[in-house]
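Student: Here is the input, now give the coordinates:
(one chain, ligands or ions: 1)
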Amino acid sequence: MIAACSIAGSDSGGGAGIQADIKTFTALGVWGLTVITAVTAQNTREVRGTWMLPAEAVRAQIETVADDFSIGAWKTGMLGNAENVRAVAEALPEGAALVIDPVMVSTSGHRLLAADAVADLVGLLVPRAAIVTPNIPEAEVLAGMNVATVEDMAEAGRRILDLGPRAVVVKGGHLPGGAAIDILVDRDGEMRLSGERYPYSVHGSGCCFSAALAAYLARGMPAREGFSAAREFIDTAIREAAGGPGPVRIVNPGGTILRRRRKNIS
Ligand SMILES: Cc1ncc(CO)c(N)n1
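Tutor: Predicted coordinates for the structure are as follows:
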């Protein structure tokens, strides 16, 4: 069995957070494990409240799943506060393949990471990541610069790479313009993917993208290949959500890779 574990908050609306991650893992043939950091009362339009779980509960969930499952990849989403960031850093097994979605603020404008937790996220977790996946506002915080152009995105990606992860994907969905461009930066250089820009924004797209990346890493794909595959997966999910705003619609992307690799899953 290929398994991946999401460390994130619950979205009662089912479009983002833990729920998005389980649905994505399932669509990609990966067994989804979950470590819940927080509960949110949320729908596609607003976050009405958030309640953090104690760090002890976060630590115990990580240790319990790690003791039983062979976990091909981990991903973090909403961590909420510095205590939970530290608990994750302490409990996460050494050498784990880690995708960090540095969730800070919801699309609807609600804070999902305390401002004073950013330093611990950067100091304790980002250097351990296989891939960090900031959107533009998150890249601005992590890189300490304004990002207004595609070249700014690449520069921000390089600065975040200097924090120590093996790769960074800066997602360009928040930039104005014709195409939606995402840039992966790693020590070999950069890789740009240009996709269609849909005339609406959907709830949960960032969560599904990073979960898809984690699923592909768990299935043994290298980071650059996983980036292409996850980009295609989320493009389909956003397109199928047409009529938005609303949640992304996760569809099984089908294709030969999934069917071929499915045989490996018992
Ligand atoms: C629980 C949760 N995680 C992440 C996001 C990011 O969109 C959200 N809105 N809610």
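
Student: thought residue 210 was touching residue 78?
Tutor: No: counting by CB atoms under 8 Å, residue 78 is not a contact partner of residue 210; they are 11.4 Å apart. From N, CA and C alone the C-beta is placed, and that goes for glycine too.

Student: quick one: which of those two has more around it?
Tutor: With neighbours defined as other CB atoms under 10 Å, residue 210 and residue 78 compare such that residue 210 has more, 30 against 26.

Student: For the more buried one, give its distance to residue 152.
Tutor: Note on residue 210: its distance to residue 152, by CB to CB, to the nearest Å, is 21 Å.

Student: Wait, a helix at residue 206?
Tutor: Yes: with DSSP: H, G, I helix; E, B strand; the rest coil as the criterion, residue 206 is part of a helix.

Student: Looking at the helix or strand hosting residue 35 now, give me its mean pLDDT.
Tutor: Following DSSP states H and E, one finds residue 35 within strand 31-42. In this model, strand 31-42 has a mean pLDDT of 97.

Student: Please apply the same query to stretch 182-191.
Tutor: Here stretch 182-191 scores 98 as its mean pLDDT.

Student: can you map out the strands along the stretch 151-266 of the chain?
Tutor: 167-171, 179-186, 189-196 (DSSP state E, counting those that start in this stretch).

Student: From the contact counts, what lies against the first one?
Tutor: The reference is to strand 167-171. For strand 167-171, the packing partners by 3 or more CB pairs under 8 Å, 6 or more residues apart in numbering; DSSP states H and E come out as strand 131-132, helix 136-143, helix 150-161, strand 179-186, helix 205-218, helix 223-240.

Student: where in this structure is pLDDT low?
Tutor: By pLDDT under 70, the weakly predicted segments of the chain are 242-266.

Student: Hmm, residue 8 and residue 18 touching each other?
Tutor: Yes: between residue 18 and residue 8 there is a contact under CB under 8 Å: 5.0 Å.

Student: Give the residues shared as contacts by these two.
Tutor: Both residue 18 and residue 8 are in contact with 34, 36, 77, where contact means CB atoms under 8 Å, 6 or more residues apart in numbering.

Student: By neighbour count, which of these wins?
Tutor: That'd be residue 77 among those, by other CB under 10 Å, with 28 neighbours.

Student: quick one on the thing from earlier: how about the strands of the stretch 151-266 of the chain, which one is nearest the ligand?
Tutor: Among the strands of the stretch 151-266 of the chain, the nearest to the ligand by CB to the nearest ligand atom is strand 167-171 (12.1 Å).

Student: and that closest one, does that touch the ligand?
Tutor: No: judged by CB under 6 Å from any ligand atom, strand 167-171 stays clear of the ligand, getting no closer than 12.1 Å.

Student: then that strand to CSV, C-alphas only?
Tutor: In CSV, the C-alpha atoms belonging to strand 167-171 read as follows (Å, rounded to 0.1, in the frame of the first residue of the first chain):
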residue,chain,number,x,y,z
ALA,A,167,12.7,22.7,-4.3
VAL,A,168,10.2,25.5,-4.3
VAL,A,169,7.1,25.9,-6.5
VAL,A,170,5.8,29.5,-6.6
LYS,A,171,2.2,29.4,-7.8
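
Student: contacting residues around stretch 132-152?
Tutor: Stretch 132-152 is contacted by residues 99-105, 118, 122, 126, 153, 155-157, 159-160, 163, 165, 167-175, 181, 183, 192, 206, 209-210, 213 when judged by CB under 8 Å, 6+ apart.
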